[in-house]
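Participant: Take this sequence and fold it.
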Amino acid sequence: MEEIPTEWLETASSLKLLYDAELDFHPEYENYELGTIIKQADVVLMGFPLQYEMNASTRLKDLLTYSNVTRDSGIQFLECINFVMFEIMYDIIC
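Facilitator: This is a model prediction of the structure:
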């Protein structure tokens, strides 16, 4: 197995995962205001494909929050990710 490059480990250890416990969602960036249009919702990618462990309520809130504010000229594969995530959440909730 290949050794993980030191630079990758340093970068990974410096990443911050923001969470707003009051609103039960992951802000896209520090001081993010709900409703602000964004290019792409990186936090949605934590649900799929990364499968980052979190409460189902948080995963759904992230998905609902950002599916409505991702700009049309953003990265188009996010529509596919949103579809997959809504399918996953449907299976969890229903």
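
Participant: contacts and neighbour counts: CA atoms only from here.
Facilitator: Fine.

Participant: Identify the residues contacting the worst-scoring helix or strand of the chain on mean pLDDT?
Facilitator: When each helix and strand of the chain is scored by mean pLDDT, DSSP states H and E, helix 77-93 comes last, with a mean of 70. For helix 77-93, the external contacting residues (CA atoms under 8 Å, 6 or more residues apart in numbering) are 40, 41, 44, 45, 47, 48, 56, 60, 63, 67.

Participant: can we see that at 10 Å?
Facilitator: The contact list for helix 77-93 (CA atoms under 10 Å, 6 or more residues apart in numbering) reads 40-42, 44-45, 47-49, 56-57, 59-60, 63-64, 66-67, 70, 72.

Participant: Stretch 59-73 too?
Facilitator: Under the contact criterion CA under 10 Å, 6+ apart, stretch 59-73 has outside partners 23-28, 34-48, 52-53, 55-58, 76, 78-79, 81-83, 85-86, 88-90, 93.

Participant: any idea of the mean pLDDT in that stretch?
Facilitator: Mean pLDDT, stretch 59-73: 83.

Participant: Can I get that stretch as CSV, trimmed to CA atoms?
Facilitator: C-alpha atoms of stretch 59-73 as CSV (Å, rounded to 0.1, in the frame of the first residue of the first chain):
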residue,chain,number,x,y,z
ARG,A,59,-28.1,15.5,5.9
LEU,A,60,-31.6,16.4,4.8
LYS,A,61,-31.3,20.0,6.0
ASP,A,62,-28.0,20.4,4.1
LEU,A,63,-29.6,19.0,0.9
LEU,A,64,-32.7,21.1,1.2
THR,A,65,-30.7,24.2,2.1
TYR,A,66,-28.3,24.1,-0.8
SER,A,67,-30.4,22.5,-3.6
ASN,A,68,-32.3,25.8,-3.8
VAL,A,69,-29.3,28.2,-3.8
THR,A,70,-26.8,26.5,-6.2
ARG,A,71,-26.4,28.8,-9.1
ASP,A,72,-27.4,27.5,-12.6
SER,A,73,-24.0,28.2,-14.0
